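K.L.:
Let me see the structure of the following:
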Amino acid sequence: MDGHSKLVQRTIKKATDADKAFSKLTHNEIPMVLVPRKPLLFHFALNVPSGPFVIWQRFMKDKGSLEPGVKWLWPSWNYISHIVTRSVISYNAPARNCPTADSVMVSVDLSLTFQIGPDIEAARKFVYRLGPNRFDELLSAETEEAIRGLVYSVTHDKVNDLREEFASNMLATLNSKVEPFGVQILNVKVTNVKLPPELQQRLEHTTAFKTKMEEQEKSHENQIH
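P.N.:
You can find the predicted model right below:
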């Protein structure tokens, strides 16, 4: 199973380092927001990147979006406060040792994709109302609670049957909670369900036996007709 993702905010030396910083993933950490260092006096030539959302401030007050390009001789009270990724992010949220209704411990891998958007207003909401750390805490708590609730509602042999239903319900639930903060959850998917080895083998044998019996019944019916 993949490790649990962690959403983070990072400090960078200058705005032109943004692409490199967003692509640097370490220890399952995913950078969503970057904060460039402020100049001591002024920027001789401030290069504003064209890919991500770029938010700037004047005297620590939000001024909205900063258009891409070069800003010449910018004083220190004008500065880029946040650079927010536009990319679609894949987030892994495994939950281990979840008890089923018949007290079998199950591990579940959940994967979801999301992005900040669609516009600069969404990026501002995300930065000022939520931020990567609180969003990570929210996602972790919501997915863990939902997975454990799902698993506990059924016996171990029925867990796999609820994958699609769980994914669609989780998508709607998460979107209702994060849309006010500028986040769009695009997809939720249960990628793996792991039972204890002995039970997993027994379930596979049972399933294979049922499939074989159904095929034999169909073959017998065809012969009769």
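K.L.:
Only C-alpha atoms from now on, for both contacts and neighbour counts.
P.N.:
Fine.
K.L.:
quick one, strands of this structure?
P.N.:
Per DSSP state E, the chain carries strands over the ranges 6-12, 29-36, 42-48, 53-58, 61-65, 69-75, 78-84, 89-92, 95-99, 105-116, 183-194.
K.L.:
Okay, buried residues for the fourth one please.
P.N.:
So the one you mean is strand 53-58. 53-57 (16 or more other CA atoms under 10 Å).
K.L.:
for the first one, same thing?
P.N.:
Within strand 6-12, the residues scored as buried using 16+ other CA under 10 Å are 6-10.
K.L.:
And stretch 172-190, how far out from the chain middle?
P.N.:
Centroid displacement of stretch 172-190 relative to its chain, using CA atoms, centre = their mean, to the nearest Å, is 9 Å.
K.L.:
and if you look at stretch 171-178?
P.N.:
Counting by CA atoms, centre = their mean, stretch 171-178 comes out at 12 Å from the chain centroid.
K.L.:
cool, stretch 153-172 as well?
P.N.:
Computed by CA atoms, centre = their mean, the separation of stretch 153-172 from the middle of its chain amounts to 19 Å.
K.L.:
go on, stretch 143-153?
P.N.:
Counting by CA atoms, centre = their mean, stretch 143-153 comes out at 17 Å from the chain centroid.
K.L.:
then it to CSV, C-alphas only?
P.N.:
C-alpha atoms of stretch 143-153 as CSV (Å, rounded to 0.1, in the frame of the first residue of the first chain):
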residue,chain,number,x,y,z
THR,A,143,-11.6,9.9,4.6
GLU,A,144,-10.6,7.9,7.7
GLU,A,145,-14.0,8.3,9.3
ALA,A,146,-15.8,7.4,6.1
ILE,A,147,-13.7,4.3,5.4
ARG,A,148,-14.1,3.0,8.9
GLY,A,149,-17.9,3.7,8.9
LEU,A,150,-18.2,1.8,5.6
VAL,A,151,-16.2,-1.2,6.7
TYR,A,152,-18.0,-1.5,10.0
SER,A,153,-21.4,-1.5,8.3
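K.L.:
Tell me, how many residues neighbour residue 20?
P.N.:
9 (other CA atoms under 10 Å).
K.L.:
Could you find the residue nearest the spatial middle of this protein?
P.N.:
Geometric centre of the chain, nearest residue: residue 91, 3.3 Å, by CA atoms, centre = their mean.
K.L.:
That one contacts residue 5, correct?
P.N.:
Yes: counting by CA atoms under 8 Å, residue 91 does reach residue 5; the two are 5.7 Å apart.
K.L.:
mind listing what residue 81 touches?
P.N.:
Residue 81 makes contact with 35-36, 54-57, according to CA atoms under 8 Å, 6 or more residues apart in numbering.
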